[in-house]
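In: When you get a sec, could you give me coordinates for this:
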Amino acid sequence: MLGETSSVIESAWTEIPGGAVHYRVSVAPPERLPIVLLIHGLVVASTYMVPTAERIAPFCRVYAPDLPGYGESYKPEKDPELIRARGCAGPMDGRFGAHESAPGREFIRLPNHC
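Out: Numbering: from 1, shown residues only. Model (predicted):
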């Protein structure tokens with residue numbers, strides 16, 4: 001299956017109000033590299049992003065969450081659209097330095113070298 005094993009991307013979990021959110025992250029990312037957030041579409045999960053994440057991981061710190069209701073993340077019981085919108089920014093809060101912004105708070109661009 002797509003993205004089952006990877007030497008540069010690993011699975012991780014974080015808790016947000018409502019449940020546990022699964023995300024994939026590049027292994028041992030150097031702190032000075034830019035952060036790239038890969039957000040999946042409505043019919044796929046972070047597994048779909050693994051090939052892209054593997055290719056850009058040497059140049060960027062890569063995060064690919066399973067939004068609530070998708071992949072291995074918790075499945076919300078009510079108001080899934082609102083929870084999904086909040087889930088986009090919430091799981092990664094606190095994972096970024098002061099000079100970086102949390103996902104969903106501004107447009108995230110790939111650096112020229114990625």
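In: what's the following helix or strand after the helix or strand where E54 lies?
Out: Under the criterion of DSSP states H and E, E54 resides in helix 50-56. Per DSSP H and E, the first helix or strand lying C-terminal to helix 50-56 is strand 61-65.
In: Pull up the pairing partners for that next one, direction included.
Out: With DSSP bridges as the test, strand 61-65 is paired with strand 19-26 (antiparallel), strand 35-37 (parallel).
In: need these in TSV with mean neighbour count and distance to Y48, can you?
Out: C-beta: built from backbone N, CA, C; applies to glycine. Converted to TSV, those look like this (neighbours: other C-beta atoms under 10 Å; distance: least, C-beta to C-beta, whole Å):
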stretch	mean neighbour count	distance to Y48
strand 19-26	21	10
strand 35-37	21	14
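In: coming back round to it: what mean pLDDT would you report for the helix holding E54?
Out: In this model, helix 50-56 has an average pLDDT of 93.
In: CA atoms only for that helix, dumped as CSV, please.
Out: Extracted C-alpha coordinates of helix 50-56, given in CSV (Å, rounded to 0.1, in the frame of the first residue of the first chain):
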residue,chain,number,x,y,z
VAL,A,50,4.1,10.3,1.5
PRO,A,51,5.8,10.1,-1.9
THR,A,52,5.9,13.9,-2.1
ALA,A,53,7.1,14.2,1.5
GLU,A,54,9.9,11.7,0.9
ARG,A,55,11.2,13.7,-2.1
ILE,A,56,11.2,17.1,-0.3
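In: Now do it: which elements does it pack against?
Out: Applying 3 or more C-beta pairs under 8 Å, 6 or more residues apart in numbering; DSSP states H and E, we find helix 50-56 packed against strand 9-16, strand 19-26, strand 61-65.
In: Now do the last one against strand 9-16, angle only.
Out: Here strand 61-65 points in a direction 60 degrees away from that of strand 9-16 (axes from the mean of the first three to the mean of the last three C-alpha atoms, to 10 degrees).
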